[in-house]
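Enquirer: Would you be able to build a 3D model of this:
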Amino acid sequence: MSGKRPKAKWLFACAAILTSAFSALYAQELPSATNVMARVVERASKVAASEKSEPYCYKKLSIIQELNSKGQVIESTEKKYEVVLIQGWPFSRLVQVQGQKLSETEMRREEQKEQEFRNKAVGRDLKRMRAKREVLITPELIDRFNFTVISNALHQGRKILVLEFKPKPNYPENTVQDRIYDRFAGLLWVDTEDAEIAQVEVHLIGDLSLGWLGMLGSLRECNLCLCRQRMPEGVWVNTTQKIFILGRKLLSTIRYRSFEESTDFHRAPPSSIPSSQ
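Expert: Now for the predicted structure:
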C-alpha cells in the first residue's frame with residue numbers, strides 16, 4: 001500500500017492547477033469596462049443620428065398593478081395597443097382595456113389622438129426631427145458610474161458581456177437628476193458584436209426623497225428590468241419591461257408593479273415610411 005501512488009490527491013492537484021489556469025485565461029479574455037462602454041456610447045450616437053427609423057409595427061401589452069403590504073394585487077389595469085408607424089414615427093393605438101374592446105366614445109377619443117398625431121407628423125420637418133433625436137447613452141451619463149466587466153456569456157444565442165455599475169462616490173449633487181443617478185446601481189448585458197444593451201437591471205441603493213425636503217414623497221425601493229432583442233435586419237427593439245416601486249406619496253404608502261411586453265414585430269408597410277428615409 002505504501003508504495004502505491006496517491007491517485008486521488010494527484011488528480012485533485014491537477015484539477016486545481018487546471019482550474020486556476022483556465023480562470024486566469026478567462027479573466028484575461030474580458031475586455032476593459034472603459035472600452036466596452038466607449039463602444040456602447042458610440043453605437044448609441046450612431047443610432048440616434050441615423051436617418052432610418054425602426055421600420056416595425058407590433059403589439060404591446062401593458063399591465064399596472066397596485067399592491068398591498070403583503071404583495072397582493074388591490075387593483076390591476078390591463079391595456080393592449082397596436083403600435084403603428086405614421087410618417088416613420090411610432091404611434092400607440094389603444095385597442096383593448098381590461099380585455100374588452102373600446103366603447104364608441106373611447107374609439108372616437110383614440111381616433112382624435114391619432115389624427116392629431118398625423119397632423120403633427122405631416123407638418124414636421126423629418127430631417128430636423130432626426131437631428132434633434134436624443135442620444136440616451138452619453139459620455140456624461142457614463143461618467144457618473146463605475147463599471148466593471150464581471151463575466152461573458154450567451155444571451156438569446158448571442159455573445160454578451162455582463163457589466164456591473166455603481167454610482168461614483170462623492171459626486172456632486174447639483175440637480176434632482178444628480179440625486180437620482182447617485183442612488184441607482186445594477187447590471188448591463190452588452191452585445192459584443194453590436195455594442196447594444198441587450199438587457200439592463202437597475203435597483204435603488206438608497207432612499208430617494210421627492211419634492212421640497214421630501215414633503216411630496218420618497219422612494220424606498222425601485223427595481224427595473226428591461227430586455228431587448230435584435231431583429232434580423234440588425235435593429236434592436238425593446239421586448240419586455242418590469243418595474244416595481246415601493247415608496248410614500250404624501251402620507252400614504254404606495255406599491256406598484258408594472259409589466260410591458262411587445263410582440264408580433266413585423267415590417268411596416270412602405271406607405272407608413274417616408275421615402276426620404
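
Enquirer: beta partners for the nearest residue to Leu208 once chain neighbours are set aside?
Expert: What sits nearest to Leu208 in space, not counting adjacent residues and going by C-beta to C-beta, 6 or more residues apart in numbering, is Leu219, at 4.4 Å. Every C-beta, even on glycine, is put in place using the N, C-alpha and C of the backbone. Beta bridges link Leu219 to Leu208, Gly247, judged by DSSP bridges.

Enquirer: got the contact list for Leu219?
Expert: 204, 207-208, 210, 245-247 (C-beta atoms under 8 Å, 6 or more residues apart in numbering).

Enquirer: Now list the buried members of those residues.
Expert: Buried members of the contacts of Leu219, counted by 16 or more other C-beta atoms under 10 Å: 204, 208, 210, 245-247.

Enquirer: Looking at those residues, which is nearest Trp89?
Expert: Using C-beta to C-beta, Ile245 comes nearest to Trp89 of these, at 29.1 Å.

Enquirer: Is it correct that that closest one is in contact with Arg220?
Expert: No - with contact defined as C-beta atoms under 8 Å, Ile245 does not reach Arg220; the gap is 9.1 Å.

Enquirer: Over to Ser92: give its phi and psi.
Expert: When read as degrees, to the nearest 10, the backbone of Ser92 gives phi -90, psi 110.

Enquirer: Can you give me the pLDDT of it?
Expert: Note for Ser92: predicted pLDDT of 94.

Enquirer: what do you get for the one 3 residues further on?
Expert: Reported pLDDT at Val95 in the predicted model: 95.

Enquirer: Point me to the helix or strand that includes it.
Expert: Assigned by DSSP states H and E, Val95 belongs to strand 89-97.

Enquirer: Give me the sheet partners of that strand and which way each runs.
Expert: Strand 89-97 has the following strand partners under DSSP bridges: strand 73-86 (antiparallel), strand 100-101 (antiparallel).

Enquirer: Okay, buried residues for that strand please.
Expert: For strand 89-97, the neighbour count (16+ other C-beta under 10 Å) marks 89-94 as buried.

Enquirer: Now that we have those residues, can you turn them into TSV and tack on distance to Glu196?
Expert: Below are the buried residues of strand 89-97 laid out as TSV (distance: C-beta to C-beta, whole Å):
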residue	distance to Glu196
Trp89	21
Pro90	19
Phe91	24
Ser92	23
Arg93	27
Leu94	29
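
Enquirer: Quick check, central residue of this protein?
Expert: Of all residues in the chain, the one closest to the mean position by C-alpha atoms, centre = their mean is Leu226, 3.5 Å from it.

Enquirer: I'd assumed that one was in a strand, is it?
Expert: Yes - assessed by DSSP: H, G, I helix; E, B strand; the rest coil, Leu226 belongs to a strand.
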